[in-house]
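Engineer: here's a sequence, model it:
(one chain, ligands or ions: 2)
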Amino acid sequence: MTILVTGGAGYIGSHTCVELLNTGYDVVVVDNLCNSKEEVLHRVKKITGKELKFYKVDLVNKAELTEVFRKEKIDAVIHFAGLKAVGESVSKPLEYYYNNITGTLILCEVMMEFGVYNIVFSSSATVYGNPATVPIREDFPLSATNPYGRTKLMLEEIFRDLYQSDRRWNIVMLRYFNPIGAHKTGLIGEDPKGIPNNIAPYITQVAVGKLDILGVFGDDYDTPDGSGVRDYIHVVDLSIGHVKAIEHIQHNPGIVVYNLGTGKGYSVFDLIKAFSKACRKDIPYVIKPRRVGDIAACYAEPSLARKELHWSAQRDLDEMCEDAWRWQSNYPNGYQNDKEIL
Ligand code: NAD
Ligand code: WQD
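Structural biologist: Ligands and ions are numbered 1, 2, ... in the order given. Prediction:
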């Protein structure tokens, strides 16, 4: 069975390619490398000892995407490709709507032309906006506070319309909480461009000496220690969730949505402590004002995925931090590596 992975050179996509190959699927990656490097795919091959096919194609280029479907016999698609920086989406809304929405529309059109109706879509916990209570269930009200979040919300609606129009579609929408960590080998991991927006790569870059100090965005939230609480999930657990979704889609027609989270909330201070333990260094930090748009607490009710996908997260916060640190200390400059350790 052949899985097309859009955005397969990215952070979550590359880890998912490893799990798919290890499970025995054939993998075809489509990525325009706007936020990734081809090197990651060589590492995926090294980790798994298996080949995969790569096409440097932009999803908005229908002719090139059609060519991929003509050459490869695709059975199902895992659709990661998209722009994901919340702040950037506020300053470049058209870029985000065009890339994320148009790219997905073209992908679905081409899939239909080739009779491929199975898709797993990367949604996000961002679609819950500021939830009234935690833990968050899939049936909670949805809202978005920025263009990035709105692309996810709109795409979920588009997928529902598509399913209504043609019941041949089988769609699994996965709402990820906060993916962190890296593959156990330390060969692949998160490689953000410029100064990281997200906390985990920021901390690892402080630990490795690339950044001086972490700003903690607010210590006066209504949470146990005053800092923001999130559901950090190991990227490998998240990737295994996609393999489960591909298994699910083959036996359960329809459209479904699942939270992929651990169900546990950890504060910024918990995370700092766990990272300090993993890298055996103090992480210097300074309390800063709250970041605009942030919420106090966000963590999943993950039982639906456990029941229906037969999936639950296995790796704890310590393991997430140890694995993230192994990757960051092996490759301080990410895939532009200055140290070959293979
Ligand atoms: P990433 O940026 O590392 O990976 C996305 C990949 O898609 C990149 O390799 C990029 O080059 C590619 N891409 C973007 N636009 C493309 C296009 N038009 N055509 C072809 N390739 C394109 O991001 P990630 O963290 O791996 O996230 C993957 C997906 O999961 C995204 O859709 C993101 O919105 C979603 N998501 C991520 C998080 C997170 O915190 N990382 C949380 C929730 C949801
Ligand atoms: C986590 C916590 C911050 C940076 C974002 C997107 C969301 C999803 C996942 C894609 C918060 C605090 C952060 C820093 C800090 N992505 N923080 N100092 O905001 O929960 O979610 O990524 O779908 O849509 O919004 O993740 O890692 O930015 O923040 O104190 O330098 O860390 O305030 O409490 P967030 P994050």
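
Engineer: residues of the chain that sit close to ligand 2?
Structural biologist: By the rule Cβ under 6 Å from any ligand atom, the part of the chain lying against ligand 2 is 84, 86, 124, 126, 178, 197-199, 202, 214-217, 228, 230, 268, 291, 294. Yep, even glycine has a C-beta here, placed from its N, CA and C like the rest.

Engineer: what residue ranges in the stretch 1-150 of the chain score low on pLDDT?
Structural biologist: Within the stretch 1-150 of the chain, no stretch has pLDDT under 70.

Engineer: contact partners for whichever residue of the chain sits closest to ligand 1?
Structural biologist: Nearest residue of the chain to ligand 1, counting by Cβ to the nearest ligand atom: Gly10, 2.0 Å away. Neighbouring residues of Gly10 by Cβ atoms under 8 Å, 6 or more residues apart in numbering: 31, 35-36, 80-81.

Engineer: show only the entries of those residues found in strands.
Structural biologist: Asp31 (DSSP state E).

Engineer: quick one, which of the contacts of Gly10 are buried?
Structural biologist: Buried residues within the contacts of Gly10, counting neighbours by 16 or more other Cβ atoms under 10 Å: 31, 35-36, 80-81.

Engineer: for the stretch 1-150 of the chain, what spans make up the strands?
Structural biologist: Remark: strands assigned in the stretch 1-150 of the chain by DSSP state E, counting those that start in this stretch are 2-6, 26-31, 53-56, 76-79, 118-124.

Engineer: packing partners for the third one?
Structural biologist: The reference is to strand 53-56. For strand 53-56, the elements it packs on are strand 26-31, judged by 3 or more Cβ pairs under 8 Å, 6 or more residues apart in numbering; DSSP states H and E.

Engineer: do the same with the second one
Structural biologist: Applying 3+ Cβ pairs under 8 Å, 6+ apart, one finds that strand 26-31 makes contact with strand 2-6, helix 11-23, strand 53-56, helix 62-71.

Engineer: please list the residues of this structure that sit near ligand 1.
Structural biologist: Proximity of the chain to ligand 1, by Cβ under 6 Å from any ligand atom, involves residues 7, 9-13, 31-36, 58-60, 80-84, 99, 103, 122, 124, 176, 179.

Engineer: and the next helix or strand past the host helix or strand of Gln205?
Structural biologist: Assigned by DSSP states H and E, Gln205 falls within helix 199-207. The helix or strand immediately downstream of helix 199-207 is strand 214-217, counting by DSSP H and E.

Engineer: tell me the mean pLDDT over the next helix or strand after that next one?
Structural biologist: Sequence-wise, the next helix or strand downstream of strand 214-217 (DSSP H and E) is strand 229-230. The average pLDDT for strand 229-230 rounds to 98.

Engineer: buried subset of the residues of the chain next to ligand 2?
Structural biologist: Applying 16+ other Cβ under 10 Å to the residues of the chain next to ligand 2 flags 84, 86, 124, 126, 178, 198-199, 202, 214, 216-217, 228, 230, 268 as buried.

Engineer: for the residue in the stretch 101-250 of the chain that ligand 2 sits nearest to, what are its contacts?
Structural biologist: Residue of the stretch 101-250 of the chain nearest ligand 2, by Cβ to the nearest ligand atom: Gly228 (2.2 Å). Listed by Cβ under 8 Å, 6+ apart, the contact partners of Gly228 are 217-218, 221, 267-268, 294-297.
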